[in-house]
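Participant: Provided below are the primary sequence and the corresponding predicted coordinates.
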Amino acid sequence: MRAWPQKHNRHSRILMRILHTSDWHLGAQLHDQSRLPEQAAFLEWLKVLMAKEQPDALIIAGDIFDTCAPSSAALNLYYNFLSAIFTAKRCCAVIVVGGNHDSPSLLDAPRNALVHLNTQVVGTVAYLKEDNGGYVPNYDKEVVVVNDANGQPGLVIGAVPYLRDADLRTSEALETDADRSEKLKRGFKQHYQAIANLARQKSALADGRQLPLILTGHLFLTGATTAVEKSERDLHIGNLASLEVALLPPADYYALGHLHNPQKVGGSDICRYSGAPIPMSFGEIKQAKSVTIVDFAPGTAPVVRLESIPQTQKFAQLKGTPETIEEKLKEQAAARISVWVDIQVTEGDGDLAAWWGKFTAIAEGTSVLILRKQNARPGKNGSARAVAVAADTNLEYLTPKQLFDMRLNDEDLTDGEKNAFAAMFDEIAQACAEADTNKE
């Protein structure tokens with residue numbers, strides 16, 4: 001018997017519990033360091049939590065993987081987790097929706113097999129071909145009725161995945177940015193309303209009551225906050241930076257993914273990003289990571305609470321003058337605890353080349369691993385890549401040469417060294433271009 005809040009009647013027909021998580025980014029790296037050990041530890045912790053809480057449904061709101069071509073190790077983590085919680089009967093259903101980092105086809109490929117593990121996967125919007133040759137969304141694929149432990153309908157989930165531009169609008173000649181924005185908003189609202197309507201139809205009980213409705217989403221809602229270093233890539237849908245909460249239809253809870261900060265949107269406790277379970281960048285190391293647990297009972301508002309996720313990897317950001325950082329780095333080394341370090345020289349004058357070597361020497365042979373060294377002093381142009389991200393530059397539209405030049409300018413190199421690297425890049429790019437021509 002699960003430990004439900006005392007004010008709820010556990011024997012009520014539609015008393016249900018969900019566990020909401022997202023943005024696992026399995027297979028991710030931080031400055032070339034694998035995150036798989038941390039992610040494996042999180043999933044082991046999650047299994048223990050589910051044994052304790054016994055949710056009726058686990059919702060994973062997108063970005064299960066970090067890339068569209070995850071490694072076999074990342075895939076094994078995912079499938080082994082689903083198999084383990086099914087075997088141990090940790091919940092009645094798992095709902096997985098695709099995120100912008102996920103490959104829709106990779107997620108959807110084992111869909112029919114995963115159903116036998118009580119797992120429903122919606123990697124992308126599915127379409128039905130009409131008699132006239134056109135296509136319409138198959139909304140039925142995005143609506144899941146979850147039964148309780150007694151096999152009775154307990155809640156309904158509108159499992160909406162990451163919506164791409166093509167899912168929301170059709171292009172027309174001579175349309176303006178304003179036209180495209182309006183089409184995206186209208187398409188977004190129509191899609192969610194159609195899902196909500198169908199979910200309500202499917203979940204109506206014989207006595208006239210409605211099951212609780214949960215809508216998922218992998219998107220950026222206006223009013224939400226991104227991570228400090230914007231570790232969430234591709235925040236836009238088409239040319240829209242964010243979407244208004246008002247575009248969403250009424251629901252009992254909105255299980256959101258995409259943003260790594262655990263947070264509620266617009267002050268609403270029922271509209272939440274669960275956030276990434278581990279820090280995806282140094283800008284997230286001070287965040288308290290968590291998963292969200294929500295209880296539903298008839299006649300009362302959902303009860304929402306957070307469960308803090310223990311972190312297995314220590315991080316440190318060392319800022320100040322080179323002398324101050326040197327002392328802090330020695331303290332970290334003396335502690336003999338594994339720590340990944342980000343060094344940012346924010347004060348002082350003079351060349352830093354000798355200091356970079358000194359920092360490396362201090363860390364050598366210790367439990368300290370320096371992942372990044374930055375000259376962040378006033379008057380020093382910030383990282384070209386960081387400036388591009390801060391300005392919301394869409395990196396997709398930059399050429400490889402532009403991206404390489406941005407990376408090169410971030411390094412403390414002499415002009416001669418930069419010219420040499422630039423020449424090598426040009427030579428490699430030319431060789432690649434010639435190889436492509438030969439293929440044609």
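Facilitator: That came through, no problem.
Participant: Just the buried positions in stretch 324-336, please.
Facilitator: Buried residues in stretch 324-336, counted by 16 or more other C-beta atoms under 10 Å: Ile325, Glu326, Lys328, Leu329, Gln332, Ala333. Bear in mind the C-beta positions are built from the backbone N, C-alpha and C, glycine included.
Participant: Check which helix or strand the fourth one maps to.
Facilitator: Pointing back at Leu329 there. Under the criterion DSSP states H and E, the helix or strand holding Leu329 is helix 322-335.
Participant: one step back: now tabulate the buried residues of stretch 324-336 in JSON lines and tack on pLDDT and distance to Phe188.
Facilitator: Listed next are these as JSON lines, based on pLDDT from 0 to 100; distance: C-beta to C-beta, whole Å:
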{"residue": "Ile325", "pLDDT": "96", "distance to Phe188": "47"}
{"residue": "Glu326", "pLDDT": "95", "distance to Phe188": "52"}
{"residue": "Lys328", "pLDDT": "96", "distance to Phe188": "47"}
{"residue": "Leu329", "pLDDT": "96", "distance to Phe188": "48"}
{"residue": "Gln332", "pLDDT": "95", "distance to Phe188": "47"}
{"residue": "Ala333", "pLDDT": "94", "distance to Phe188": "51"}
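Participant: Please determine how far the spatially closest residue to Phe65 that is not a sequence neighbour is located from Asp179.
Facilitator: Counting by C-beta to C-beta, 6 or more residues apart in numbering, Phe65 lies nearest to Leu26, which is 5.1 Å off, once chain neighbours are set aside. Going from Leu26 to Asp179 by C-beta to C-beta, to the nearest Å gives 38 Å.
Participant: quick revisit: Ser103: which of the buried residues of stretch 324-336 is nearest?
Facilitator: Nearest to Ser103 among those: Gln332, at 38.5 Å, using C-beta to C-beta.
Participant: residues contacting the closest one?
Facilitator: Ala316, Leu318, Val339, Val341, Thr366, Val368 (C-beta atoms under 8 Å, 6 or more residues apart in numbering).
Participant: Can you tell me the SS state at the first one?
Facilitator: I take that to be Ala316. Recorded secondary structure, Ala316: strand (DSSP: H, G, I helix; E, B strand; the rest coil).
Participant: That one against Val341, yeah?
Facilitator: Yes - between Ala316 and Val341 there is a contact under C-beta atoms under 8 Å: 5.1 Å.
Participant: Compare the two and say which is more crowded by neighbours.
Facilitator: Ranked by neighbour count (other C-beta atoms under 10 Å), Ala316 and Val341 place Val341 first, with 23 against 19.
Participant: what's the angle between the host helix or strand of the more buried one and helix 322-335?
Facilitator: Using DSSP H and E, Val341 sits in strand 339-345. Inter-element angle recorded for strand 339-345 and helix 322-335: 170 degrees (by axes from the mean of the first three to the mean of the last three C-alpha atoms, to 10 degrees).
Participant: still on that earlier bit, quick one: which of the buried residues of stretch 324-336 is nearest Tyr273?
Facilitator: Nearest member of the buried residues of stretch 324-336 to Tyr273, counting by C-beta to C-beta, is Gln332, at 31.6 Å.
Participant: Leaving out sequence neighbours, find the closest residue to that closest one.
Facilitator: Val368 (5.1 Å).
Participant: how about Asn76, secondary structure?
Facilitator: Classified using three-state DSSP, Asn76 is helix.
Participant: what pairs with the residue lying closest to Thr292 once chain neighbours are set aside across the strands?
Facilitator: When the adjacent residues along the chain are set aside, Thr292 lies closest to His20, with 4.2 Å between them (C-beta to C-beta, 6+ apart). Counting by DSSP bridges, His20 is bridged to Ile59, Thr292.
Participant: residues touching His20, list them.
Facilitator: Neighbour list for His20: Ile59, Ala61, Tyr253, Ala255, Arg272, Ser274, Val291, Thr292, Ile293, Val294 [criterion: C-beta under 8 Å, 6+ apart].
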